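In: Predicted coordinates and the sequence they were generated for:
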Amino acid sequence: MSSIAIKFGIGKSTVSDIVKSKAKLEEFQTEIDDGDCTKKPRVVRKSDFPELDRAVYLWFVHQRCKGTPISGPLLSAKALQLYPRLYPDNPADFKAGTGWLRRFKDRHGVRCLSLQGESLSAAMMDVEPFREKFLKLVEEQGLTRHQMFNCDESGLYWKLMPNKTLVTSREKEAKAFKKPKDRVTIMACANASGSIKLPLLFIHKALNPRCFKHIDKNDLPVHYYAQKSSWMDSYIFKEWFLNRFVPLCRNALREKGLPERALLVLDNSPAHPDIVSNIYRWIDNMSLLATQHYIRYPTHGSGCS
């Protein structure tokens, strides 16, 4: 041990502790290799309640495999629920406080992430039937990627400030202003190849904002519309579809020397009227097929501690 201590510049007692902890260190390394533990080197500290620790972690992994959002308080609540079942003889020895939660997350490499997107909310049983129907439709109509379009709306909180900031060493906290709720709706539309991108559709509350005085809204780089709640509605979508999408799409395909035939894929929003749902029509001498996909995306939220 003396030669090892000299070689690595550590004390003999440290070498002795490492040798005594060989089994624990090997177990810890196995957990890292399996991807079930943090990769950051740290002091190995076993749980005082190993059966509970394993049970809570197995439950946590199972819930995350289903995409269920899990917060810190929810982990603590689950631990309190499982404890009396695993340790019926010691019902009052476990609190599942912030210290336990911090050590649990350290042992298993659990961290907090913001939820992104809505992919887990989709009705996945609808994906394959729609895919087969879509591919059959494309083959029947002889469409290329240049002729397949998709559009989708999104809310933009244009006054919202970042929720994090850099501070000086003297600042103990970072106070914030009230979050503004000013919102507009934008909708993007492009073809599958990315060669045709229509101007953004922009929906504001005001029909004639003061800042647009003496400005022709037709000269704006967006298609400007107004709605009292700045939401998309069927009237706006129909007007955009017939008077914006159809002529722009037709001209773009004509410039590329492609047949004036296009496919527009929509979601099943109530704002998308039936006039463009599952139809095959001639509009201004242009063959247009519009189809909706019914893969639902409900609202979502996030939070953890």
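Out: It's in. Values in this document were obtained by computation on a predicted structure and should not be read as measured data.

In: What about residue 251, how many residues nearby?
Out: Residues within reach of residue 251, counting by other Cβ atoms under 10 Å, total 13. Using the backbone N, CA and C atoms, a C-beta is placed for each residue, glycine as well.

In: likewise residue 245?
Out: The local packing of residue 245 (other Cβ under 10 Å) involves 23 other residues.

In: go on, residue 2?
Out: Using other Cβ under 10 Å, residue 2 has 8 other residues around it.

In: Distance check, it against residue 112.
Out: Distance from residue 2 to residue 112, counting by Cβ to Cβ, to the nearest Å: 45 Å.

In: How about residue 101?
Out: 12 Å.

In: Looking at those two, which is more packed in?
Out: More neighbours surround residue 101 than the other of residue 101 and residue 112, with 17 against 12 (other Cβ under 10 Å).

In: so which strand or helix has the more buried one?
Out: helix 98-108 (DSSP states H and E).

In: Could you list every helix and strand in contact with that helix?
Out: The contact analysis (3 or more Cβ pairs under 8 Å, 6 or more residues apart in numbering; DSSP states H and E) places helix 98-108 against helix 50-65, helix 72-86.

In: buried residues in it?
Out: 100-101, 104, 107-108 (16 or more other Cβ atoms under 10 Å).

In: tally of neighbours for the closest residue to residue 55 other than its chain neighbours?
Out: Closest residue to residue 55 apart from its sequence neighbours, by Cβ to Cβ, 6 or more residues apart in numbering: residue 82 at 5.2 Å. Using other Cβ under 10 Å, residue 82 has 18 other residues around it.

In: what residues are up against residue 82?
Out: Shown in contact with residue 82 (Cβ atoms under 8 Å, 6 or more residues apart in numbering): 52, 55-56, 59.

In: Of these, which is the most crowded?
Out: Going by other Cβ under 10 Å, residue 56 tops these with 24 neighbours.

In: Looks like that residue contacts residue 104 (just checking).
Out: Yes: using Cβ atoms under 8 Å, residue 56 is in contact with residue 104, at 6.9 Å.

In: okay, and the common contacts of these two?
Out: Common neighbours of residue 56 and residue 104, using Cβ under 8 Å, 6+ apart, are 75, 79.

In: hang on, the earlier thing: mind checking how far the residue nearest to residue 55 is from residue 94?
Out: Residue 82 is 10 Å from residue 94, by Cβ to Cβ.

In: Give the intersection of the neighbour lists for these two.
Out: Common neighbours of residue 82 and residue 94, using Cβ under 8 Å, 6+ apart, are residue 52.

In: For residue 261, list each beta-bridge partner.
Out: residue 287 (DSSP bridges).

In: Output the contacts of residue 82 as a markdown table; include the columns pLDDT.
Out: Shown next, in a markdown table, are the contacts of residue 82 (pLDDT from 0 to 100):
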| residue | pLDDT |
| --- | --- |
| 52 | 89 |
| 55 | 89 |
| 56 | 89 |
| 59 | 87 |
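
In: what are the ranges of the strands in this structure?
Out: Counting by DSSP state E, residue ranges of the strands within the chain are 148-156, 184-191, 201-204, 223-226, 261-267, 279-283, 286-293.

In: rank these by pLDDT, which is bottom?
Out: If these are sorted by mean pLDDT, strand 279-283 sits at the bottom with a mean of 47.

In: what about residue 254, neighbour count?
Out: Neighbours of residue 254 (other Cβ under 10 Å): 12.

In: How about it, nearest residue that isn't a chain neighbour?
Out: Once flanking residues are discounted, residue 254 sits nearest to residue 260: 6.3 Å by Cβ to Cβ, 6+ apart.

In: Kindly report the same for residue 258.
Out: The shortest distance from residue 258 to any non-neighbouring residue, by Cβ to Cβ, 6+ apart, is to residue 146 (5.8 Å).

In: Would you mind confirming that that neighbour makes contact with residue 196?
Out: Yes: the criterion here is Cβ under 8 Å, and residue 146 meets it with residue 196 at 6.9 Å.

In: All set now, cheers.
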